[in-house]
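Asker: no sequence on hand, only this structure:
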């Protein structure tokens, strides 16, 4: 060890150890285990305490660092040594239960288990690993140890599962932890009678056991956690259908809503849209700045159900100004540089054009009837129609070259987009991906009769991928054809007395195409501006190296 390092001040050494503890904690070696029980470990930051006598002296006095790893080696004797270095501090405790009692390692596992249980009263954090397929007489059952036990120091509890995807019953737990702030539980549900009223963060991950869960049971639990600030619910049960009789059991007289006025972040992910939307409907969280509802069901989600009470209510909480409608989600954000940004995302399965048309049509109808009147105040609209395959892109490219691009659009899709644009009366910016489908839609809506599509529209923004030429399949004359569509759109807007102010192209372009594109861009942009069709045309692409020709120019 160099004299310079060994002579560092104690506070600097402590900072080094603290940083190392975050970056390189002690941990089991990968693939070095028997029946899941770790056999060998990486020392991690502890190795730094062996650098020299001075570093060792500073390290052994770093009580908070030792308190966080007391049980990490799953050995009672080592835990006693590390506990002595932790002093009187509260500690992190890891409990691993459910090992084979016939194993040669059973005694060591049992002693580590018993040590952890005996020191729960000092734990500020508890990590548990459950085994769901052992009998109820096993000496290392974790949940009975925690059940009803008063845990005065507990702030965080993490209950994992050795195999969360297996079909197994849902575990329940009665917690007495008045100071508990964060709980992350897999295939385990705290009883509503649990003392967890200080809880700020709750994460529940439930596998096939969710099939035995009822809506009323979940809402009752959530009403016992009024101080929640973060709520994450994930129910994953692939290839299994929800039993509605079980899900709605006990709720014939109605479900009382859950008021979470402190909630800042809500995330619900469900393999069944029914579960996700039901829960969302009954959770009232007016201050949640992040709301993510993700229904991963492979069956199409009903637009009426998706855009129901909870959707309408969320729109009333914040003045969302940016909206993106894609084939797999609807995303809203606020845009205020002086305030925190709010995000609202609803994910769904809408396979194919028909489902997308139904979504847009229902949204336009609800907006015009006043149910979703907040959508009329959207300032920036992103439209992302469903991808329909390379063969269709070739058709669009051919029609583009012939000046008949609007004929490529499915009439139902075109009319759905048109009707939506007619009720979005305050939208000033339209954002489209630089693809054939988007350009065809733009051509379609431009050639329809009044009332106008997006009457307040001032800015048209394209996001491109690997170059403007690539968005037309690399066809010869692609940029010229693109400009013909733009010119037609601008002329029709000007003739309707609703001229455009600005056209933008953003994204990445191929460096080798920059020269040809820039020359055409300058001439076409200048002509459009001179004719008064648009006030400003901006090319904001970042030109990147993607091929040998690009590399030669860079």
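Answerer: Sure thing, it's come through. Keep in mind that this is a model prediction, so the values were computed, not measured.
Asker: tell me what the most centrally placed residue in the chain is bridged to.
Answerer: Here the mean C-alpha position of the chain is nearest to the C-alpha of residue 292 (Cα atoms, centre = their mean), at a distance of 6.7 Å. Here residue 292 sits in beta bridges with residue 267, residue 345, going by DSSP bridges.
Asker: what about the strands in the stretch 251-400 of the chain?
Answerer: Under the criterion DSSP state E, counting those that start in this stretch, strands of the stretch 251-400 of the chain are mapped to 258-259, 265-270, 283-284, 290-295, 322-325, 329-333, 343-347, 380-383.
Asker: touching the last one from outside, list them.
Answerer: The set of residues that contact strand 380-383 without belonging to it, under Cβ atoms under 8 Å, 6 or more residues apart in numbering, is 321-326, 331, 335, 417, 424, 427-432, 438, 441, 454. Using the backbone N, CA and C atoms, a C-beta is placed for each residue, glycine as well.
Asker: recalculate using a threshold of 10 Å.
Answerer: 321-326, 330-331, 333, 335, 360, 375, 417, 420-421, 424, 427-433, 437-438, 441-442, 454, 457, 459, 461, 463 (Cβ atoms under 10 Å, 6 or more residues apart in numbering).
Asker: which of those residues count as buried?
Answerer: Burial by neighbour count, judged by 16 or more other Cβ atoms under 10 Å, picks out 321-326, 330-331, 333, 360, 375, 417, 420-421, 424, 427-433, 437-438, 441-442, 454, 457, 459, 461, 463 from these.
Asker: now go through these and say which are in helices.
Answerer: 360, 417, 420, 421, 437, 438, 441, 442 (DSSP state H).
Asker: so who does the second one touch?
Answerer: For residue 417, the set of contacting residues under the criterion of Cβ under 10 Å, 6+ apart consists of 325, 356-357, 360-361, 364, 383, 385, 409, 441-442, 444-445, 453.
Asker: coming back round to it: the residue nearest to the centre of the chain reaches residue 344, doesn't it?
Answerer: Yes - at 8.0 Å, residue 292 counts as touching residue 344 under the criterion of Cβ atoms under 10 Å.
Asker: mutual contacts of those two, please.
Answerer: 266, 331.
Asker: thinking again about what came up before, identify the residues contacting the residue nearest to the centre of the chain.
Answerer: So residue 292 contacts 232, 265-269, 329, 331, 343-347 (Cβ under 10 Å, 6+ apart).
Asker: what are the contacting residues of stretch 522-535?
Answerer: 458-460, 479-480, 482-484, 486-487, 489-494, 499-503, 536-539.
Asker: could you rerun that using 8 Å?
Answerer: 483, 486-487, 490-491, 494, 499-503, 536-537, 539.
Asker: same thing with stretch 5-18?
Answerer: Contacts of stretch 5-18 (Cβ under 8 Å, 6+ apart): 45, 48, 49, 51, 52, 54, 55, 58, 59, 62, 65.
Asker: buried residues in that stretch, which are they?
Answerer: Buried, per 16+ other Cβ under 10 Å, within stretch 5-18: 13, 14, 16, 17.
Asker: for stretch 70-88, same thing?
Answerer: Counting neighbours by 16+ other Cβ under 10 Å, stretch 70-88 gives 70-76, 78-79, 82-83, 85-86 as buried.
Asker: and that stretch, average pLDDT?
Answerer: The pLDDT scores in stretch 70-88 average 90.
Asker: now do stretch 48-59
Answerer: 87.
Asker: gap between that stretch and the chain center?
Answerer: In terms of Cα atoms, centre = their mean, to the nearest Å, the centre of stretch 48-59 is found 42 Å from the chain centre.
Asker: residues contacting that stretch, please?
Answerer: Here stretch 48-59 has contacts from 1, 5-8, 10, 13-14, 16-17, 20, 46, 60, 65, using Cβ under 8 Å, 6+ apart.
Asker: what's residue 480 sitting at in phi/psi?
Answerer: Per-residue torsions, residue 480: phi -60, psi -40 (degrees, to the nearest 10).
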